[in-house]
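Trainee: next comes the sequence, and after it the predicted model I'd like to discuss.
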Amino acid sequence: PFRQLPTEEEYDKYWREKAMPQVAELIKDYGVKLFWFDCWREDPVAEGQMTEKQMRDMLAMVRELDPTVLVNTRLGIHEVGDNGVDFQTMGDNEFPAQPLGHTWETAATFNHTWGYNRDDQNWRSTTYFVREIVKGIYKGGNVMLNIGPRADGSIPPEIKTRISEIGKMIHQNKVGFHGTYPSPFAEDSQDWGLITQRTGDGKTKVYLHVFEWPSDGIIRVNGLKNKVLAARIPSLNNKNVEFVQKGLLLHVQGPISEPVSYDSVIELEVEGELQAENGFCGEINFGGIAMEQAKAFLAGGLERAKGVDVTGVGYISPTSIRGWKSADDVASWKVYIPEAGERELAICYSCDSASAGQPYQVEVEGVDSIKAVTLAGPKGFGEFYTRHLGKVKFPEAGIYTVKVRPADTPKKELFGLNWLFIE
């Protein structure tokens, strides 16, 4: 073999006579305050070359020499807290699905290599890193950016440019970054970005991180239950801006042009502890309510079918809801309507000539039901078309359930449903 692995006895000798003394030296002689171990034991139970006792002995030694030194889970101890290490290191470029309730960190690379690699010129964008950093705050963690210097210690210009752009953006928006923490808003509740918060001095401040600045300058915030007291833009000398609040929908009127590249922060001051309503489709960035397939609740035999290359040159058609075989198949959404009135309803789907002419209905529960028949597109199930269904009169503001179902048992696949839209 290329390399003979040490025996358990040999490895234990290395661990106790080489590794542990060197860690002790770094603490005692150099005052190191954080050890980012990378021993990586994915299974917290199974033991390989390293044993649980070796890891625990290393941690005990660190704690005895300096209790303030921080140690990560890649020592091989997965428990975070009093009986474990200080913070969890996620997989590379990985984020938890939800805030974890303990300290965590993810590590990211500027390209796709951990060290310097002259052949790796596939650089991630500044936009990518800004959004990753904000996502880290939103999920209660830290994002560590890995820098791969050249052999002479110099930093590649691509990395320097991105660090400079990130630093400039944070400096302009610093109140929305330093000392902020997760909000109760769902990650997908706003299509323009993410929301963080800060409390102190009896005040609750909410920070809208707007990645996609709307063309009309109106930031549409969905699900905010608190009364808004003030809205301002920190990067524009804390300029106060107008806002209109209608139930769970807030419109903040910003300038037409985005104040800061990559992430423009808006600060809201609200009354009381921050509360959010999640689980519904609200207004999107340019107005209207989009009920996308990804947010649908599926019942019966329905499933999400990934798109296919319909052109032969790499264009992948959208994911759609398929499997319409029974009158019991239902796709539904919760939507928030901010005020009473008539709204236009449209649907987007794919359908071929063999499936055309089959009846379906769109029901706004407790309000109205619209029936229609499927229409074929020129490219069948390979292309999607928008069909206008008519108007729905909403009697009052509130959350409504919208359902799509076959009006009869389909003889063939009904359609590939992509979205509904309320204008």
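Mentor: Right, received. Where do you want to start?
Trainee: check which helix or strand covers E25.
Mentor: Assigned by DSSP states H and E, E25 belongs to helix 20-30.
Trainee: helices and strands around that helix, which ones?
Mentor: When contacts are defined as 3 or more C-beta pairs under 8 Å, 6 or more residues apart in numbering; DSSP states H and E, helix 20-30 packs onto helix 52-65. For every residue, glycine as well, the C-beta is placed using N, CA and C.
Trainee: next SSE after the helix it packs on?
Mentor: The C-terminal neighbour of helix 52-65 among helices and strands, as given by DSSP H and E, is strand 70-71.
Trainee: how far off centre is that following strand?
Mentor: How far strand 70-71 lies from its chain's middle: 27 Å, per C-alpha atoms, centre = their mean, to the nearest Å.
Trainee: same question, stretch 114-126
Mentor: Averaging C-alpha positions (C-alpha atoms, centre = their mean) puts stretch 114-126 24 Å from its chain's average.
Trainee: just the CA coordinates for that stretch, please, in CSV.
Mentor: The C-alpha trace of stretch 114-126 is given here as CSV (Å, rounded to 0.1, in the frame of the first residue of the first chain):
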residue,chain,number,x,y,z
TRP,A,114,-9.6,25.1,-0.1
GLY,A,115,-6.0,25.9,-0.9
TYR,A,116,-4.5,27.9,-3.7
ASN,A,117,-5.2,26.3,-7.1
ARG,A,118,-4.1,28.2,-10.2
ASP,A,119,-6.3,26.0,-12.4
ASP,A,120,-9.5,26.7,-10.4
GLN,A,121,-10.8,30.0,-11.9
ASN,A,122,-14.4,29.2,-11.1
TRP,A,123,-14.9,32.1,-8.6
ARG,A,124,-18.1,32.5,-6.7
SER,A,125,-19.6,36.0,-6.9
THR,A,126,-19.8,38.8,-4.4
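Trainee: contacts for that stretch?
Mentor: Residues outside stretch 114-126 that contact it (C-beta atoms under 8 Å, 6 or more residues apart in numbering) are 108-113, 146, 148-151, 156, 158, 161-162, 165-166, 262.
Trainee: take these and keep only those in helices.
Mentor: Among the contacts of stretch 114-126, the members falling in helices (DSSP state H) are 158, 161-162, 165-166.
Trainee: now M144: how far from V206?
Mentor: 26 Å (C-beta to C-beta, to the nearest Å).
Trainee: who's more crowded, those two?
Mentor: V206 (25 against 12; other C-beta atoms under 10 Å).
Trainee: confidence score at the more buried one?
Mentor: Looking at V206, its pLDDT stands at 98.
Trainee: so who does it touch?
Mentor: By C-beta under 8 Å, 6+ apart, the contact set of V206 is 183, 195-197, 224, 267-270, 274.
Trainee: and which of those is nearest Y30?
Mentor: Using C-beta to C-beta, T196 comes nearest to Y30 of the contacts of V206, at 35.4 Å.
Trainee: so how many other residues sit close to G223?
Mentor: Counted with other C-beta under 10 Å, the neighbours of G223 add up to 21.
Trainee: returning to what we had before: so which of the contacts of V206 are in strands?
Mentor: Of the contacts of V206, the ones assigned to strands by DSSP state E are 195-197, 267-270.
Trainee: among those residues, name the buried ones.
Mentor: Buried members of those, counted by 16 or more other C-beta atoms under 10 Å: 195-197, 267-268, 270.
Trainee: farthest-apart pair in those, please.
Mentor: T196 and V270 (13.2 Å).
Trainee: you'd agree K393 is in a strand?
Mentor: Yes: counting by DSSP: H, G, I helix; E, B strand; the rest coil, K393 falls inside a strand.
Trainee: distance check, it against G288.
Mentor: Distance from K393 to G288, by C-beta to C-beta: 17 Å.
Trainee: check contacts around H112.
Mentor: Taking C-beta under 8 Å, 6+ apart, we find H112 in contact with 120, 122.
Trainee: local confidence estimate at it?
Mentor: pLDDT recorded at H112 is 91.
Trainee: follow-up on the earlier one: what pLDDT, on average, does the helix holding E25 get?
Mentor: What helix 20-30 shows for mean pLDDT is 98.
Trainee: repeat that for stretch 302-317.
Mentor: In this model, stretch 302-317 carries a mean pLDDT of 79.
Trainee: helices and strands around the following helix or strand past the helix holding E25, which ones?
Mentor: Counting by DSSP H and E, the next helix or strand C-terminal to helix 20-30 is strand 34-35. Applying 3+ C-beta pairs under 8 Å, 6+ apart, we find strand 34-35 packed against strand 70-71.
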